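K.L.:
starting from these lines, generate the structure:
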Amino acid sequence: MQRRVAVLPAMQDHPISQRRVCVLIGVDPKTVWRERPPDNPEIRLEMNKIAEKRRRFGYPLPGR
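P.N.:
Residues are numbered from 1 along each chain as shown. This is a model prediction of the structure:
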């Protein structure tokens with residue numbers, strides 16, 4: 001989060017591109033472009049209920 005916040009002032013202080021600033025600071029440019037969506041506890045709870053009911057397919061979980 002701190003690195004992401006550092007990108008914008010660095011771009012304003014120096015005439016270089018956002019991509020270049022991200023490389024110098026060590027941030028993935030995708031994290032600067034996107035804002036994190038707000039958490040929705042109701043949806044998270046419903047998703048957990050569905051996941052408990054449904055059988056899981058694919059690679060087995062460790063320890064099973």
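K.L.:
show me what contacts residue 29?
P.N.:
Residue 29 makes contact with 18-19, 22, according to CB atoms under 8 Å, 6 or more residues apart in numbering. (Glycine included, C-beta is placed from N, CA and C.)
K.L.:
go through the residues you listed and name the one nearest residue 33.
P.N.:
residue 18 (8.3 Å; CB to CB).
K.L.:
roughly how far apart are that closest one and residue 55?
P.N.:
Noted for residue 18: a distance of 44 Å to residue 55, by CB to CB, to the nearest Å.
K.L.:
one more: residue 16?
P.N.:
51 Å.
K.L.:
what about the two, which has more around it?
P.N.:
residue 16 (12 against 4; other CB atoms under 10 Å).
K.L.:
how about the helices in this structure?
P.N.:
2-13, 18-25, 29-33, 41-53 (DSSP state H).
K.L.:
let's have those helices in TSV, adding mean pLDDT and distance to residue 62.
P.N.:
Formatted as TSV, the helices of the chain follow (pLDDT from 0 to 100; distance: least, CB to CB, whole Å):
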stretch	mean pLDDT	distance to residue 62
helix 2-13	75	32
helix 18-25	84	35
helix 29-33	76	29
helix 41-53	90	18
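K.L.:
most neighbours per residue, which of the ones you listed?
P.N.:
For these, the largest average neighbour count (mean count of other CB atoms under 10 Å) is found in helix 18-25, namely a mean of 15.
K.L.:
packing partners of it?
P.N.:
Packing partners of helix 18-25 (3 or more CB pairs under 8 Å, 6 or more residues apart in numbering; DSSP states H and E): helix 2-13, helix 29-33.
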